[in-house]
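Peer 1: below: sequence and its predicted model.
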Amino acid sequence: MAKVILDFERPIVELEQKIADMRKYADNLDIADEIALLEEKVDQLRNSVYSNLTRWQRVQLARHPERPYTLDYIQMMTENFVELHGDRFFGDDKAIVGGFATFENQTVMFIGHQKGRDTKSNIYRNFGMPHPEGYRKALRLMRLAEKFSKPIITFLDTPGAYPGIGAEERGQAEAIARNLFEMSRLQVPIIVVIIGEGASGGALGIGVGDRILMMENTWYSVIAPESCSSILWRSWDYKEQAAEALKLTAKDLLELGVIDRIIPEPIGGAHRDPLQAAALVKKVLLEELKALKKISLTRLVQERIEKFSKMGAWKNG
Amino acid sequence: MAWFKRSKENISSENGKKDIPDGLWTKCENCGEIIHKKQLEENFYTCAKCNYHFRIGSKEYFEILLDDGTFKETEKNIRSVDPLQFVDTKPYSQRIEESMKKTGLTEAVRTGTGKINGIPIVIACMDFSFIGGSMGSVVGEKVARAVDLARKKKHPLIIISSSGGARMMEAALSLMQMAKTSAKLAQLAEARIPYISVLTDPTTGGVTASFAMLGDVHIAEPGALIGFAGPRVIRQTIGKDLPKGFQRSEFLLEKGFIDMVVHRKELKETITKLLRHFAS
């Protein structure tokens, strides 16, 4: 697959390429000073670009086609992954994957949205847009985890639940609602990580838990900026403004009390160094899991319900 | 060729559906029948000729369902704020103020207690006229408190939904109201308190994908649009026309997502029968 470079990444990537080229000749020529100078420059450039990302640029990073997806994280963080399939009602949704895996000596149920990397795999994965059977498979696996007292970790990365005829016929809304209802009272710890796009009910459908974590360059909101633009501005051209208005970044949502913690990414984003990204996610997950396991199940569920009950903003008029 | 161009609008365009028809006479939006306002009221705001159900608000539903003088409104004073300082073509705070002025309501849902044929219940009813019945923090919180009240009083809960979905102007906070209301309903279910969900035209998006689809019994009014994604979005996505009757109450009954389609004039009696079964 051709390397995808976002507009604001270009100057950095070009400079990096230049340094790499110069290194090839460094043995024959005395250009170490020049290389050091350029490296300093690229560092400064990285810092200025990535510390001033607009919300829309974060959305672009969250959608970067080279970003690690659910199965990549599972592969990089765990061992003995056994993928389980099917909702036992209708079929197996390829846009949601799940199964048991060994996560640092303990068995954990991993469930997540799964996107594809090229046209073929994206069609197979329906671009990470689940049908009702995806949510029902997820619920089946969560109940299985509960039955054997295994904690659950979910990865959110979807442009939304699929808006199609079959999805409506089979009760997309009911499937999502049922998951919200059941996840709120599951008797095992649940950690939710937004690893890419958290679009609306399609994301939340596997997103109720005890800890809600968000990677640094991801977004989570009630609607994608493009759709928001098309509805409120009646044009597709206001996506940047919509992204600003929606306050959809990890930093925004931490301030609004929607998430608990931000997981840092390697500079430039998870796609620049997937292994390091996975290591950072793993470190935080292990800490959170350890903390959650100390809480009694009754208290855990009670606190989970209280956590979501507090969300929102209103006044007494 | 000036006579080809109308200098003024002679034929008024039918812009949007009106919630409650004003004036003495009104035209059925479905069959064109001219109906007198009094006759419309007596017929529960439905067309006597074609059974078309006019879109009505919480005031009318409370009158239709509850015994006279039994309704006591709760949580009247919770108001929306503008937590994100959201501005699209106009500021959200201005939108709220305009909606309050236009509708005389304070938000897109009203909650309270009352009696249905003598049976005490807790009730919530949405108003589509208030920013498309969208669910922001206040709608989520008022529904959550109604669920809590039903649990505390051990009275059955009835929620009448009518909504375009979660409210965009509160973004992620609106989304979280889906989780909040669903979690509260899980607690109600564990306490074994009955919850009847009444779905009216239209019930879509985040409201369908949370409390509206979590009833012990689902009752829909005839012909109501009920779904997750709106028909326009689906049409755009699949690039095809949608089958006739798609996402209407009768379609959902056929697909197994609602228990019954009930004419508005029979709504109170149907709910009463169910409540008596639950209580017996």
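Peer 2: Structure received.

Peer 1: check contacts around residue 264.
Peer 2: All of this is about chain A. A:216, A:280 (Cβ atoms under 8 Å, 6 or more residues apart in numbering or on different chains). C-betas here are computed from N, CA, C, even on glycine.

Peer 1: to clarify, I was referring to chain B.
Peer 2: Going by Cβ under 8 Å, 6+ apart, B:Arg264 touches B:44-46, B:53, B:64, B:221.

Peer 1: tell me the spacing between B:Tyr45 and A:Glu14.
Peer 2: 66 Å (Cβ to Cβ, to the nearest Å).

Peer 1: these two: who's more crowded?
Peer 2: Per other Cβ atoms under 10 Å in any protein chain shown, whichever of B:Tyr45 and A:Glu14 has more neighbours is B:Tyr45, with 23 against 13.

Peer 1: gap between the more buried one and B:Val87?
Peer 2: For B:Tyr45, the distance to B:Val87 (Cβ to Cβ) stands at 36 Å.

Peer 1: cool, and B:Asp68?
Peer 2: For B:Asp68 relative to B:Val87 (Cβ to Cβ), the value is 45 Å.

Peer 1: which one of the two has more residues nearby?
Peer 2: A count of neighbours by other Cβ under 10 Å puts B:Val87 above the other of B:Asp68 and B:Val87, at 17 against 8.

Peer 1: and that one, what does it touch?
Peer 2: A:Ala245.

Peer 1: surely B:Pro231 touches B:Phe246?
Peer 2: Yes - assessed by Cβ atoms under 8 Å, B:Pro231 is found in contact with B:Phe246 at 7.0 Å.

Peer 1: where does pLDDT dip in chain B?
Peer 2: For chain B, the stretches flagged by pLDDT under 70 are B:1-22.

Peer 1: tell me the SS of the most centrally placed residue in it?
Peer 2: Centroid-nearest residue in chain B, with Cα atoms, centre = their mean: B:Ser162, separated by 1.9 Å. What DSSP: H, G, I helix; E, B strand; the rest coil gives for B:Ser162 is strand.

Peer 1: thinking it is in contact with B:Arg55, fair?
Peer 2: Yes - the criterion here is Cβ under 8 Å, and B:Ser162 meets it with B:Arg55 at 7.3 Å.

Peer 1: A:Ile153 should be in a strand, yeah?
Peer 2: Yes - checked against three-state DSSP, A:Ile153 lies within a strand.

Peer 1: so what sits opposite it in the bridge?
Peer 2: A:Ile153 forms beta bridges with A:Phe110, A:Ile191, as assigned by DSSP bridges.

Peer 1: so for B:Gly256, what's the nearest residue that isn't a sequence neighbour?
Peer 2: A:Gly171 (7.7 Å; Cβ to Cβ, 6 or more residues apart in numbering or on different chains).

Peer 1: near chain B, which residues of the stretch 51-200 of chain A are found?
Peer 2: Proximity of the stretch 51-200 of chain A to chain B, by Cβ under 8 Å from any Cβ of the partner chain, involves residues A:161-165, A:167-174, A:176-178, A:180-182, A:184-185, A:200.

Peer 1: buried among those residues? Need that as a selection in PyMOL.
Peer 2: To isolate the buried members of these in PyMOL, using 16 or more other Cβ atoms under 10 Å in any protein chain shown:
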select buried, chain A and resi 161+162+163+164+165+167+168+169+170+171+172+173+174+176+177+178+180+181+182+184+185+200
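
Peer 1: got phi/psi on the spatially most central residue of chain A?
Peer 2: The centre of chain A sits closest to A:Ile195, judged by Cα atoms, centre = their mean, with a distance of 1.7 Å. Main-chain dihedrals, A:Ile195, degrees, to the nearest 10: phi -100, psi -10.

Peer 1: would you check that it makes contact with A:Asp72?
Peer 2: No - A:Ile195 is beyond contact range of A:Asp72, at 9.2 Å (criterion: Cβ under 8 Å).

Peer 1: dump the residue contacts of A:Ser200.
Peer 2: Applying Cβ under 8 Å, 6+ apart to A:Ser200 gives the contacts A:160-161, A:221-224, B:166, B:175, B:206.

Peer 1: what do you get if the cut-off is 10 Å, keeping everything else the same?
Peer 2: Contacts for A:Ser200 (Cβ atoms under 10 Å, 6 or more residues apart in numbering or on different chains) come out as A:158-161, A:176, A:220-224, A:227, B:165-166, B:172, B:174-175, B:178, B:205-206, B:209, B:228.

Peer 1: now swap in A:Asp87 and tell me
Peer 2: Each residue near A:Asp87 by Cβ under 10 Å, 6+ apart is listed here: A:93, A:96, A:131-141, A:170, A:175.

Peer 1: what helix or strand does the nearest residue to it once chain neighbours are set aside sit in?
Peer 2: The shortest distance from A:Asp87 to any non-neighbouring residue, by Cβ to Cβ, 6+ apart, is to A:Arg136 (3.7 Å). Assigned by DSSP states H and E, A:Arg136 belongs to helix A:132-147.
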